[in-house]
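1. After the sequence you'll find the predicted model.
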Amino acid sequence: MLPLRLPFGLPFALVGTGKQVVFANGERNSISATEERLQIEFDESGLRAFCTALAPRSGEYAIAGFDALRVLVKKTEILDHEGKVVETIG
């Protein structure tokens, strides 16, 4: 979703209970955090590096231009209304 939103000035957020991660375009690569929110801003080359580095597979990914950032992708099971696994991502 990032390449479809950020180049057009539209942020992307992952929202959980009391926490959120916001991806936004910016003039430079930067990360800021509060207890409730992590904001990651990408310049054009940083967005390309982020999208290139990540894969929809379990693993830990380093991102060029973000020395302090490591992204951990965990396996996620999608359940139906009966609690049966219908799809596994990662």
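-> Great, that's in hand.
2. bridging residues for the most centrally placed residue in the chain?
-> Geometric centre of the chain, nearest residue: Phe23, 6.8 Å, by Cα atoms, centre = their mean. Phe23 has these beta-bridge partners by DSSP bridges: Phe12, Ile40.
3. List the contacts of it.
-> 2, 6, 11-13, 40-42 (Cβ atoms under 8 Å, 6 or more residues apart in numbering). Glycine gets a C-beta too; all of them are placed from N, C-alpha and C.
4. how about the residues you listed, which pair is most distant?
-> Within the contacts of Phe23, two members stand farthest from each other by Cβ to Cβ: Ala13 and Phe42, at 14.1 Å.
5. So which of these two has more stuff around it?
-> Phe42 (24 against 12; other Cβ atoms under 10 Å).
6. Please point out which parts of stretch 61-71 sit buried.
-> Neighbour-count burial for stretch 61-71 flags 63, 65-66 (criterion: 16 or more other Cβ atoms under 10 Å).
7. ok, now how distant is the residue lying farthest from the centre of the chain from Thr76?
-> The C-alpha centroid of the chain is most remote from Glu82, which lies 29.0 Å away (Cα atoms, centre = their mean). Glu82 sits at a distance of 18 Å from Thr76 (criterion: Cβ to Cβ, to the nearest Å).
8. now do Leu38
-> For Leu38, the distance to Thr76 - Cβ to Cβ - is 19 Å.
9. Same drill for the two, tell me which one is more crowded.
-> Legend: neighbour count by other Cβ under 10 Å for Leu38 and Thr76, higher for Leu38 (16 against 11).
10. Asn25 versus Leu10, what's the distance?
-> For Leu10, the distance to Asn25 - Cβ to Cβ - is 8 Å.
11. quick one: which of the two has more around it?
-> The neighbour comparison of Leu10 against Asn25 (other Cβ under 10 Å) goes to Asn25, with 18 against 12.
12. ok, that one - contacts?
-> Going by Cβ under 8 Å, 6+ apart, the list of residues near Asn25 reads 6-7, 9, 11, 41-43, 47.
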